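Undergrad: Sequence unavailable; structure follows:
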């Protein structure tokens, strides 16, 4: 379902060098599969697809559902969808940051009609996102929308105290409580099984809750209720998404030199460690996949960027970005390689017609599909960038649907674990993200940060 092509790197690397990194990737595969590496208490994502579809198949102690997650999770998600549909809900605000929203947004945008809102043909609520910024205008405009619609909310936070989503939820919750007599039925919390501010509030107010499993980190959580519930509410088949992921789970569990996750991990680490390629650009040619790039950047950035190591993850959406970033990629500093996500088949058909005047000089394309033009643009770009010194890896799926989206999620997650172990870092922690939070809390005068607040204000004052 997910295929990999590394031929676009062949002119840059020697077979013997690749063989060395392939051996490293196979060793890292063993570490991941045997669950013996750093962060091995956060490997619940490995069996999420099969374990959610068939709880009896979950690996004891590691698989999902865990004892804290009851059977029937998918049915409970479907019950939320059906209840909100009966209430006439047409707007669902999903509140979360990082892994608590990027996967859901990626899947929803990948699967949605590009102009569903304008056509007003979708028989499901519109899903919008909050809690991922601290922009006052954004929140105000979101509440303008909520006031015009029949609104419900999914709030996603392990603790309930992460600043950005906590602020957004306080504002959205106040709005829902003010405008609806059945407020508790319009709020779902996805949080810790037993503790935390959001769990406490959910129990007190009677919200329906789902669990963020203890052994699944946020950026690996798209196939838990964190991603599944918003995607389901938006009208898509999450069982098919899980089936696609489960197929990849089975495929990637086989140790082989042809295992696509092993191949990807080996080649990207060779390009980084052997050739000094410090930047990886995820390239898509379908505007629906813009948020695949955003989700992938968090997954790899947080997993690998530590201990002074790591490939910097960037993304572009072509052909649009060929007219902005294309010049730099073609002729800028040779520090990068590309990973192209290619969707082989379109779901719709558009043919270019003839024009008697031919003022645009495009009659040579008459009778050709737009897809053909896109394929030639992709091939032409591949050749030009390789000639310009940019190696290229290609990841392909046959079409864009729930199954392939699920397969891509699992492929990149598994490959990330292998790749980070090749790099020699813990893929499952993120100690660096706390630094800005401590400074922000001090500047906001959060109780308990008095000493830090004094010190940081003196530092800021001195810099002026």
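TA: Received it, and whenever you're ready, just let me know what you need. The model shown is predicted, which means the values in this text are computed figures rather than measured ones. Residues are numbered from 1 along each chain as shown.
Undergrad: neighbours around the nearest residue to residue 378 once chain neighbours are set aside, how many?
TA: Counting by CB to CB, 6 or more residues apart in numbering, residue 285 is the residue found nearest to residue 378 once chain neighbours are left out, at 5.6 Å. Yep, even glycine has a C-beta here, placed from its N, CA and C like the rest. Residues near residue 285, counting by other CB atoms under 10 Å, number 20.
Undergrad: Need the phi and psi values for residue 285.
TA: Torsion angles at residue 285 (phi, psi; degrees, to the nearest 10) stand at phi -120, psi 20.
Undergrad: who's in contact with it?
TA: The contact partners of residue 285, taken as CB atoms under 8 Å, 6 or more residues apart in numbering, are 317-319, 340, 342-343, 374, 377-378.
Undergrad: What pLDDT does the model give it?
TA: Looking at residue 285, its pLDDT reads 97.
Undergrad: Could you check which helix or strand contains residue 128?
TA: strand 126-130 (DSSP states H and E).
Undergrad: What are the contacting residues of that strand?
TA: 90-96, 101, 104-105, 108, 117, 138-139, 142, 145, 149, 165, 168, 172, 230, 233-234.
Undergrad: Quick one: neighbours of the closest residue to residue 95 other than its chain neighbours, just the number.
TA: Of all residues not flanking residue 95 in the chain, residue 131 sits nearest, at 3.9 Å (CB to CB, 6+ apart). By the criterion of other CB under 10 Å, residue 131 has 27 neighbours.
Undergrad: go on, residue 320?
TA: 13.
Undergrad: Now it: closest residue in space that isn't a chain neighbour?
TA: Excluding the flanking residues, the one nearest residue 320 by CB to CB, 6+ apart is residue 287, at 7.5 Å.
Undergrad: Also residue 441?
TA: Among residues not flanking residue 441 along the chain, residue 449 sits closest, at 4.9 Å (CB to CB, 6+ apart).
Undergrad: What of residue 430?
TA: Per CB to CB, 6+ apart, closest to residue 430 is residue 302, 4.7 Å.
Undergrad: would you say that neighbour is within a helix?
TA: Yes - counting by DSSP: H, G, I helix; E, B strand; the rest coil, residue 302 is located in a helix.
Undergrad: Just give the number of residues close to it.
TA: Neighbourhood size, residue 302 [other CB under 10 Å]: 23.
Undergrad: And it, what's its pLDDT?
TA: pLDDT, residue 302: 97.
Undergrad: Same question for residue 464.
TA: 72.
Undergrad: what about it, how many residues close to it?
TA: The number of residues packed near residue 464 is 4, by other CB under 10 Å.
Undergrad: And residue 439, by the same measure?
TA: 16.
Undergrad: Residue 255 versus the residue nearest to residue 378, what's the distance?
TA: 32 Å (CB to CB, to the nearest Å).
Undergrad: tell me the helices in the stretch 101-250 of the chain, going along the chain?
TA: According to DSSP state H, counting those that start in this stretch, the stretch 101-250 of the chain carries its helices in the segments 102-111, 116-119, 136-148, 163-179, 197-205, 225-233, 238-252.
Undergrad: what does the fourth one contact?
TA: When you say that, I think you mean helix 163-179. 93, 95-97, 100, 130-134, 139, 142-143, 146-147, 151-153, 155-157, 160, 183, 186-187, 197-198, 437, 440-441.
Undergrad: Which members of those residues are classed as buried?
TA: 93, 95-97, 100, 130-132, 139, 142-143, 146, 151-153, 155-157, 160, 183, 186-187, 198, 441 (16 or more other CB atoms under 10 Å).
Undergrad: Which of the residues you listed fall in strands?
TA: Of the positions in those, 93, 95, 130, 151-153, 155-156, 187 sit in strands, assigned by DSSP state E.
Undergrad: tilt between the strand holding residue 128 and helix 102-111?
TA: 150 degrees (axes from the mean of the first three to the mean of the last three CA atoms, to 10 degrees).
Undergrad: now strand 126-130 against helix 136-148, angle please.
TA: 150 degrees.
Undergrad: List the neighbouring strands of strand 126-130 plus their orientation.
TA: Strand partners for strand 126-130, identified by DSSP bridges, are recorded as strand 91-95 (parallel).
Undergrad: center of the protein - which residue?
TA: residue 295 (2.6 Å; CA atoms, centre = their mean).
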